Every structure is written in structure tokens, then in C-alpha cells.
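here is a sequence with its predicted model. Questions after.
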Amino acid sequence: MCLAIPALIKSINGKEAEAEIGGIGRRVSLWLTPEAKVGDYVLIHTGYAINVLDQEEALETLRLLEELSEVY
């Protein structure tokens, strides 16, 4: 099973971006999502942005993940 987590793109340098996941910054590759831009939410899997999400979907997914973490 794979898990991809929504992250907010804060800056872009070439094919790499600085993304924020739960307040933590991380460098991610944009090779699979060249259309991504600063301010977009993307799904991150193993260091790659694999899909661009709309903000509503990203925030709902993050809310659900936070809710799960509180249960476990």
C-alpha cells in the first residue's frame, strides 16, 4: 500500500520545490507535475509530487489524517 500526503508548495527552483507538510519544510521533485506552481497543493509520495490537488480536497485530506493521528 502506498501513502501520498498533501503538501503546499512554498517556492520552486527548476524541477524542485520547497513544500510544507504540517509545518515542516521538505524538498520535493516536480518532474511528474511540471504544471505545479507556488501556492498549489500537491500529493507527495517518496519525495515526488505526483498530482496537483485543489485546495479544498487537500485541506480535507489533511484534516482526516490529523483526525486519524489523534485516534491512534
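Perfect, I can see it now.

buried residues, the longest strand along the chain. List them.
Determined from DSSP state E, the single longest strand within the chain is strand 5-13. By 16 or more other CB atoms under 10 Å, the buried positions in strand 5-13 come out as 5-9. To be clear about C-beta, it is placed using only N, CA and C from the backbone, and glycine gets the same treatment.

Leu30 and Ala36 touch, don't they?
Yes. Counting by CB atoms under 8 Å, Ala36 is a contact partner of Leu30 at 5.4 Å.

what is in contact with the two at once?
Listed as contacting both Leu30 and Ala36 by CB atoms under 8 Å, 6 or more residues apart in numbering are 12, 17, 49.

residue contacts, the first one?
When you say that, I think you mean Ile12. With the criterion set at CB under 8 Å, 6+ apart, Ile12 makes contact with 18, 30, 36-38.

can you show me the helices along this protein?
Ranges of helices in the chain, per DSSP state H, are 55-71.
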